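[1] Just to be clear, the model below is a prediction. Sequence and coordinates:
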There are 2 protein chains.
Amino acid sequence: MNKLNVTARTKVNRLPDRASYDINVIYNILDSAFVCHIAFKIRDQINIIPTIYGRKDDTIFIHGSRKSRMLESFESGEDVCISVTLVDGIVLARSAFHHSINYRSVIIFGKPEKIKTQGAKEKAIQIIFNHFLPGRWDEIRKPDKKELNATSVFSFKITEASAKIREGGPKDEKEDEELKIWAGVLPIKTISYEPVRAEDLNKGIRLPQYLNKFRQD
Amino acid sequence: MNKLNVTARTKVNRLPDRASYDINVIYNILDSAFVCHIAFKIRDQINIIPTIYGRKDDTIFIHGSRKSRMLESFESGEDVCISVTLVDGIVLARSAFHHSINYRSVIIFGKPEKIKTQGAKEKAIQIIFNHFLPGRWDEIRKPDKKELNATSVFSFKITEASAKIREGGPKDEKEDEELKIWAGVLPIKTISYEPVRAEDLNKGIRLPQYLNKFRQD
């Protein structure tokens, strides 16, 4: 097991048995989602923005418009905080108190690093595509110089991070177990379904196989 | 249309045509999700935590363990930032640059207000239940004094907030439209499926109707 060092920021105090610092657990959660939330400061004002990301090895990549206030704020070099959350189910206990959510989540603390050359930017964007739409990059029209100039790309090392996982059924108080109340888990899943063709798409162009595969996940 | 005042914090600068300050739009998004991400500071350290919430009228309610570092930090009276995001689809354009996500999101800025009496706490917890599991509250064992004491509950007024929505198909450059590349939208949805009974659940207890209804959503 390859574990990250626990820091004051990543130490899970509440329900520490749900925590993991194993990089394989962390990578696995990161690879099962494609949207993260980033908390950052603009002139001491706290802010939060959802965005897509890609992971390769020990690095997360984020991209967006050069004019995005979030990406502009990253240039200050201040630490930000990234959260990835997968909701797997609602846990129904007999008591209100023991209701819960099954989830897998990761928190990463770190400094954004700006990716500067056009070549490195394009590589990072390719990683983001391969993360959220495997197979897509190979067939699309790649970004040109103007588009790359209009895009800011940042990387984050996954060195200060923790995962938290809750799974399984409800844990009721002994004295509640005999109550005549349904208890269990309502599983939740995010799925994709029937792709919708663009209105102006030439009729001869068929759905690429990687999208069919995506639907079966 | 009932619009919120736009403030420096809620003004959407990037792609302002996707923004809305209409409270009905904002409430509608809040009512379609049940997990939010909250960005907050602990001794100037930025942090982010996912949690469930409930909305009633112009108020959001959050609850959790009294020992939660996030809820403890709320007592400082500093502003926090709440984000709710629904991902509706991946938008596939002919060019890498014009790929996008269809989404509905809300950002709320505000000061958490602590709910103090046991009666008001229980009411707020009921609102959270009615938000994420309508029908459930009526049949479960309600929190007792000890459990209410162990629970912190906070409210946030939805007065400084904005929504951002992207919908529809890809918007490619004119010169890319003739490329032989599939374009369109891969719709994404979060669903619940076949409830799993708790292992120790008495066989005579049948699935409540409100869970059947939930599954059809």
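    Everything's here; your move. Residues are numbered from 1 along each chain as shown, chains lettered A, B, ... in the order given.
[2] pLDDT value on whichever residue of chain A sits closest to chain B, please?
    Chain B sits closest to A:Ala39 of chain A, with a gap of 3.5 Å, by CB to the nearest CB. Just so you know, the C-beta spots here come from the backbone N, C-alpha and C atoms, and that holds for glycine as well. Looking at A:Ala39, its pLDDT is 97.
[3] cool, A:Lys213 as well?
    You'll see A:Lys213 listed with a pLDDT of 68.
[4] Ok, the one 3 residues further on next?
    Looking at A:Gln216, its pLDDT reads 52.
[5] and stretch A:56-76, which residues are buried?
    Neighbour counts over stretch A:56-76 (16 or more other CB atoms under 10 Å in any protein chain shown) mark A:Ile60, A:Phe61, A:Ile62, A:His63, A:Gly64, A:Ser68, A:Arg69, A:Met70, A:Leu71, A:Ser73, A:Phe74 as buried.
[6] Please look at the last one and A:Gly110 and confirm they touch.
    No - proximity of A:Phe74 to A:Gly110 does not meet the contact threshold set by CB atoms under 8 Å, at 10.8 Å.
[7] shared neighbours of these two, anything?
    Common contact partners of A:Phe74 and A:Gly110 (CB atoms under 8 Å, 6 or more residues apart in numbering or on different chains): A:Val80.
[8] Which residues lie in contact with the closest residue to the residue of chain A closest to chain B other than its chain neighbours in this structure?
    Once flanking residues are discounted, A:Ala39 sits nearest to B:Ala39: 3.5 Å by CB to CB, 6 or more residues apart in numbering or on different chains. Applying CB under 8 Å, 6+ apart to B:Ala39 gives the contacts A:37, A:39, A:46-48, A:81, B:46-48, B:80-83.
[9] Next: A:Thr59.
    By CB under 8 Å, 6+ apart, the contact set of A:Thr59 is A:Ser155, A:Phe156, A:Lys157, A:Ile158.
[10] residues touching the last one, list them.
    The one in question is A:Ile158. Applying CB under 8 Å, 6+ apart, the residues near A:Ile158 are A:Leu4, A:Ile23, A:Ile26, A:Tyr27, A:Leu30, A:Arg55, A:Asp58, A:Thr59, A:Ile60, A:Ile108, A:Gly110.
[11] hmm, try it at 10 Å
    The contact partners of A:Ile158, taken as CB atoms under 10 Å, 6 or more residues apart in numbering or on different chains, are A:4, A:23, A:26-27, A:30, A:55, A:57-60, A:82, A:106, A:108, A:110.
[12] ditto for the third one
    Residues touching A:Lys157, when contacts are defined by CB under 10 Å, 6+ apart, comprise A:Asp57, A:Asp58, A:Thr59, A:Ile60, A:Ile108, A:Gly110, A:Lys111, A:Glu113.
[13] How about the first one?
    By CB under 10 Å, 6+ apart, A:Ser155 lies in contact with A:54, A:56, A:59-62, A:110-115, A:120, A:124, A:127.
[14] Three-state assignment for it, please.
    Secondary structure, DSSP: H, G, I helix; E, B strand; the rest coil: A:Ser155 is strand.
[15] Roughly how far does it sit from B:Glu160?
    32 Å (CB to CB, to the nearest Å).
[16] Next: A:His99.
    Taking CB to CB, one finds A:His99 at 30 Å from B:Glu160.
[17] Please, where are all the helices along chain A?
    A:23-32, A:69-74, A:118-132, A:145-149, A:209-216 (DSSP state H).
[18] circling back to that earlier point, of the buried residues of stretch A:56-76, list those near chain B.
    A:Gly64, A:Ser68, A:Arg69, A:Met70, A:Leu71 (CB under 10 Å from any CB of the partner chain).
[19] what's near enough to touch the closest residue to the second one other than its chain neighbours?
    To tie it back to what came earlier, the one meant is A:Ser68. With CB to CB, 6+ apart as the criterion, A:Ser68 has its nearest non-adjacent residue at 5.6 Å, and that residue is B:Arg14. B:Arg14 sits next to A:Ile49, A:Gly64, A:Ser65, A:Lys67, A:Ser68, A:Arg69, A:Met70, A:Leu71, B:Lys164 when contact means CB under 10 Å, 6+ apart.
[20] 8 Å instead?
    Contacts of B:Arg14 (CB under 8 Å, 6+ apart): A:Ser65, A:Lys67, A:Ser68, A:Arg69.
[21] Then A:Asn2?
    A:Asn2 touches A:Asp22, A:Ile23, A:Asn24, counting by CB under 8 Å, 6+ apart.
[22] can I get those in CSV with distance to A:Ala8 and pLDDT?
    Shown next, in CSV, are the contacts of A:Asn2 (distance: CB to CB, whole Å; pLDDT from 0 to 100):
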residue, distance to A:Ala8, pLDDT
A:Asp22, 19, 96
A:Ile23, 19, 96
A:Asn24, 24, 96
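[23] Going by distance to B:Ile205, which of those residues wins?
    B:Ile205 has its nearest neighbour among the contacts of A:Asn2 in A:Asp22, at 37.7 Å by CB to CB.
[24] tally of neighbours for the closest one?
    15 (other CB atoms under 10 Å in any protein chain shown).
[25] for A:His37, same thing?
    The burial count for A:His37: 23, using other CB under 10 Å.
[26] bridging residues for it?
    Here A:His37 sits in beta bridges with A:Pro50, A:Ser83, going by DSSP bridges.
[27] Now do it against A:Glu160, distance only.
    Counting by CB to CB, the separation of A:His37 from A:Glu160 is 17 Å.
[28] for A:Gln126, same thing?
    Taken as CB to CB, the span from A:Gln126 to A:Glu160 is 26 Å.
[29] now do A:Ile49
    Remark: distance between A:Ile49 and A:Glu160 (CB to CB) = 20 Å.
[30] who's more crowded, these two?
    A:Ile49 (25 against 21).
[31] I'd like the buried residues of stretch A:56-76 written out as CSV, with pLDDT added.
    CSV is the format used below for the buried residues of stretch A:56-76 (pLDDT from 0 to 100):
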residue, pLDDT
A:Ile60, 98
A:Phe61, 98
A:Ile62, 97
A:His63, 97
A:Gly64, 96
A:Ser68, 91
A:Arg69, 89
A:Met70, 93
A:Leu71, 93
A:Ser73, 92
A:Phe74, 93
